[in-house]
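Chemist: I need the structure of the sequence given here:
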Amino acid sequence: MTRPAVLVLRALGLGDFLTGVPAYRALRAAHPDHEMVLAAPPVLAPVVELCGAFDRLSPTGELEPVDWPGPSPDVGVDLHGNGPASHDLVTATGARRLLMYGDGGPAWDDDEHEVHRWCRLLEWWGLPTDPTALRLSPPVVPAPVDDAVIVHPGAAAGSRRWPPGRFAAVAERLASAGERVVLTGTPRERPLAEEVAARAGLPAASVLAGRTGLAELAALVSRARLVVSNDTGVAHLGFAYARPSVTLYGPVSPALWGPPRGVRRHVVLWHGDGGRPGDAWGSAPDPRLLDITVEEVMDASRAALRQPT
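Modeler: Numbers count the residues shown, from 1 in each chain. The predicted model follows:
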């Protein structure tokens, strides 16, 4: 007999997926006899397995239809957005019960932290949550390098990319202090990582951008001494594995996308006011990001490394 299913839509990127982990676990706990299905990009499969909440992944792209053959889900959950573009995709599966913002659910709050946003949605529908339940299981694959300092100069948009010359200055100083520094990124970001490595005087072998799959990247982060990055998915991997981290925020405040509050091993750098004062998808580095200096990042890195893990 086919088990009833819970369908969760969150067809976004790595950082978005990781901020939803407490909500996924709350849904799993509330429906122990259901099949838990996540509709998301297939590239996320390695970390979907590590969160321990889902039985399978239904591959789909952002705001693309969900392929749902067979009996309709018992529960459909929109953890993707707050409007008809995502609501309609969940509704189209014929789910018996719908959990979403608006349409009988709670009101959306633009100034809410992304982790708490989805926990609040489920709490409104009567499901208890733990917003601190962000940790992932250890990857089964070995880390490419143990005890590395990860420098991640890329981000999905130019407004969230600190200048490569400044990342190079940080990488050079950390390497001079005896740290093993590696540069991470996607295949498209490999030229950026190579530029940073060259300017920092690091060997070509230090560039791991484009050479690790998501499972290997998770393993690398899980065993890192420090993660220095822009506001992007790698930062959230650092939060998920409780590794010391320094995250540089530009157009969007850490109050909306930052690490758990009060955890001293995660240092955030931010020179803005308000939650979303800039364009998160702009092409030029946000002025608030440019206000962050190399000295600030070095001081923050030293402070993060001093904290117990």
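Chemist: remind me which residues of the protein are low pLDDT?
Modeler: Where the chain drops to pLDDT under 70, the residues are 1.
Chemist: Which residue ranges of it form helices?
Modeler: Remark: helices assigned in the chain by DSSP state H are 14-19, 21-30, 45-51, 84-91, 114-124, 164-176, 190-200, 214-222, 233-240, 254-257, 287-290, 294-306.
Chemist: Which one of the ones you listed lies nearest to residue 61?
Modeler: helix 84-91 (10.9 Å; Cβ to Cβ). C-beta coordinates here come from the backbone N, C-alpha and C atoms, glycine included.
Chemist: on that earlier part again, quick one, which of the helices of the chain is nearest to residue 279?
Modeler: With Cβ to Cβ as the criterion, residue 279 lies closest to helix 287-290 of these, at 10.9 Å.
Chemist: contacting residues for the closest residue to residue 259 other than its chain neighbours?
Modeler: Using Cβ to Cβ, 6 or more residues apart in numbering and skipping the chain neighbours, the partner closest in space to residue 259 is residue 266 (3.7 Å). When contacts are counted by Cβ atoms under 8 Å, 6 or more residues apart in numbering, residue 266 touches 238-239, 244-245, 247, 258-260, 304.
Chemist: CSV for those, including neighbour count?
Modeler: As requested, the contacts of residue 266 are exported to CSV (neighbours: other Cβ atoms under 10 Å):
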residue, neighbour count
238, 28
239, 26
244, 25
245, 28
247, 27
258, 21
259, 21
260, 13
304, 23
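Chemist: could you redo those residues as CSV and give each row distance to residue 77?
Modeler: What follows is the contacts of residue 266, written out as CSV (distance: Cβ to Cβ, whole Å):
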residue, distance to residue 77
238, 27
239, 23
244, 33
245, 29
247, 28
258, 24
259, 25
260, 23
304, 35
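Chemist: I'd like to know how far the residue lying closest to residue 288 once chain neighbours are set aside sits from residue 110.
Modeler: Ranked by Cβ to Cβ, 6+ apart and with sequence neighbours excluded, the top spatial neighbour of residue 288 is residue 272, at 4.2 Å. Using Cβ to Cβ, to the nearest Å, we find residue 272 at a distance of 15 Å from residue 110.
Chemist: So for those two, which residue has more residues nearby?
Modeler: Taking neighbours as other Cβ atoms under 10 Å, residue 272 and residue 110 compare with residue 272 leading, 20 against 9.
Chemist: ok, now which ones touch that one?
Modeler: Contacts of residue 272 were listed using Cβ under 8 Å, 6+ apart, and they are 249-251, 253, 278, 288.
Chemist: So for residue 116, what's the nearest residue that isn't a sequence neighbour?
Modeler: residue 131 (5.6 Å).
Chemist: Neighbours of that neighbour, how many?
Modeler: When neighbours are counted by other Cβ under 10 Å, residue 131 comes out with 19.
Chemist: is it true that it touches residue 119?
Modeler: Yes - at 4.9 Å, residue 131 counts as touching residue 119 under the criterion of Cβ atoms under 8 Å.
Chemist: Give me the common contacts of these two.
Modeler: Shared contacts of residue 131 and residue 119, defined by Cβ under 8 Å, 6+ apart, comprise residue 22.
Chemist: in the sheet, who's paired with residue 98?
Modeler: residue 76 (DSSP bridges).
Chemist: So it versus residue 106, what's the distance?
Modeler: For residue 98, the distance to residue 106 - Cβ to Cβ - is 13 Å.
Chemist: ditto for residue 194
Modeler: 47 Å.
Chemist: Ok, residue 220 next?
Modeler: Between residue 220 and residue 106 the distance is 38 Å, computed by Cβ to Cβ.
Chemist: Residue 41 against residue 11, yeah?
Modeler: Yes - counting by Cβ under 8 Å, residue 41 touches residue 11, with 6.1 Å between them.
Chemist: Comparing the two, which residue is more hemmed in?
Modeler: Between residue 41 and residue 11, counted using other Cβ under 10 Å, residue 11 has the larger neighbour count: 24 against 19.
Chemist: if we can go back for a sec, run through the bridge partners of the residue nearest to residue 259.
Modeler: In this structure, residue 266 bridges to residue 245 when assessed by DSSP bridges.
Chemist: For burial, what's the neighbour tally of residue 68?
Modeler: Neighbours of residue 68 under the rule other Cβ under 10 Å: 21.
Chemist: Which residue is the nearest non-sequential neighbour of it?
Modeler: Leaving aside its chain neighbours, residue 68 sits nearest to residue 93 (4.4 Å; criterion: Cβ to Cβ, 6+ apart).
Chemist: Return the residues in contact with the one you found.
Modeler: 7, 66, 68, 72-73, 76 are the contacts of residue 93 under Cβ under 8 Å, 6+ apart.
Chemist: Perfect, I'm done here.
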